[in-house]
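A.B. asks: I would like to see how this sequence folds:
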Amino acid sequence: MRVIARIDVKNEYAIKGIHLEGVKKVGDPNELALKYYTEGIDEIVFMDAVASLYNRNNLFKIIESACAEVFIPVTIGGGIRALDDIEKALHSGADKVAINTAAIRNPSFIRSASLKYGSQCIVGSIEAKRQTDGWEAYVDNGREKTGIDVLEWARELEQLGAGEILLTSIDQEGTQRGFEINLVKEVNQAVSIPVIVSGGMGQLIHISDLANQTRSSALACAASLHYNKTSVMEIKNYMQQNQIEVRI
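C.D. replies: Numbering: from 1, shown residues only. All right, here's what the predicted structure looks like:
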């Protein structure tokens, strides 16, 4: 299981909120990226938290600076709307792009992107919110409802050519109360591509819950790392001690 650091960015500051709202500054994104890299993180995901709202991605310079010192896979998300945006992201040093809003508004974009750059480059980002009869996909960093069922959308993303899914539970995001296990289970059953689980990591036991009850490919941490509640090495040592396969 890959251990991924998620760094949400707004106006060049790393931020953290709860349910993707009420954000507060937590540091410099490049300094955090370098810290997690030196501690042994497997990958880093940078997300522009307001890119879709303002129809632009402001992370390319941040990614370029980060990739001068960080030599692990980097994903950039937020405001990726066209093939030119993907080109800019890759030229900045990113290995993958995470696409949410633009994919829902124009699903054929995922197919075009995967055909040009390869499925391994395209991450289908899903922001899921619990409803009475399942989960609904949201866009614009959890601000807007779509009326689209998460499981149906996950299947479609795979069919369109996405190489993996970044699954964020809006209900659990920032709460540090554990992952949305039932959501993860159902998405895992719906698709065969890797799933990165984001939203809810707060204690090491949450990793055991995820690993024992799902077949997730990766977990993404934010608050627990940003607020120094745990470290990358503590996470990996815990996983190794609990027979959860992880790169040390």
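A.B. asks: Show me what the most centrally placed residue in the chain bridges to in the sheet.
C.D. replies: Centroid check for the chain by Cα atoms, centre = their mean gives Leu166 as the closest residue, at 4.6 Å. Counting by DSSP bridges, Leu166 forms beta bridges with Ser125, Ile196.
A.B. asks: residues contacting Thr175?
C.D. replies: 18-19, 200, 202 (Cβ atoms under 8 Å, 6 or more residues apart in numbering). Where C-beta positions appear, they are placed from N, C-alpha and C, glycine not excepted.
A.B. asks: Ile72 too?
C.D. replies: 37, 41-44.
A.B. asks: which stretches of the protein aren't confidently modelled?
C.D. replies: 22, 52-57 (pLDDT under 70).
A.B. asks: What ranges does it have for its strands?
C.D. replies: 2-10, 13-18, 21-27, 43-48, 74-77, 96-99, 122-131, 134-139, 144-149, 164-169, 195-198, 218-221 (DSSP state E).
A.B. asks: which one of those strands lies closest to Ser114?
C.D. replies: Ranking the strands of the chain by proximity to Ser114 (Cβ to Cβ) places strand 122-131 first, at 4.8 Å.
A.B. asks: helices and strands around that closest one, which ones?
C.D. replies: When contacts are defined as 3 or more Cβ pairs under 8 Å, 6 or more residues apart in numbering; DSSP states H and E, strand 122-131 packs onto strand 74-77, strand 96-99, helix 108-117, strand 134-139, helix 150-160, strand 164-169, helix 181-190.
A.B. asks: want to throw the ones you listed into a markdown table with distance to Lys25?
C.D. replies: Below are these laid out as a markdown table (distance: least, Cβ to Cβ, whole Å):
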| stretch | distance to Lys25 |
| --- | --- |
| strand 74-77 | 19 |
| strand 96-99 | 22 |
| helix 108-117 | 32 |
| strand 134-139 | 24 |
| helix 150-160 | 30 |
| strand 164-169 | 20 |
| helix 181-190 | 29 |
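A.B. asks: So which of those is nearest Ala222?
C.D. replies: Here strand 164-169 is closest among the helices and strands packed on strand 122-131 (Cβ to Cβ), at 10.1 Å.
A.B. asks: Done for today, thanks.
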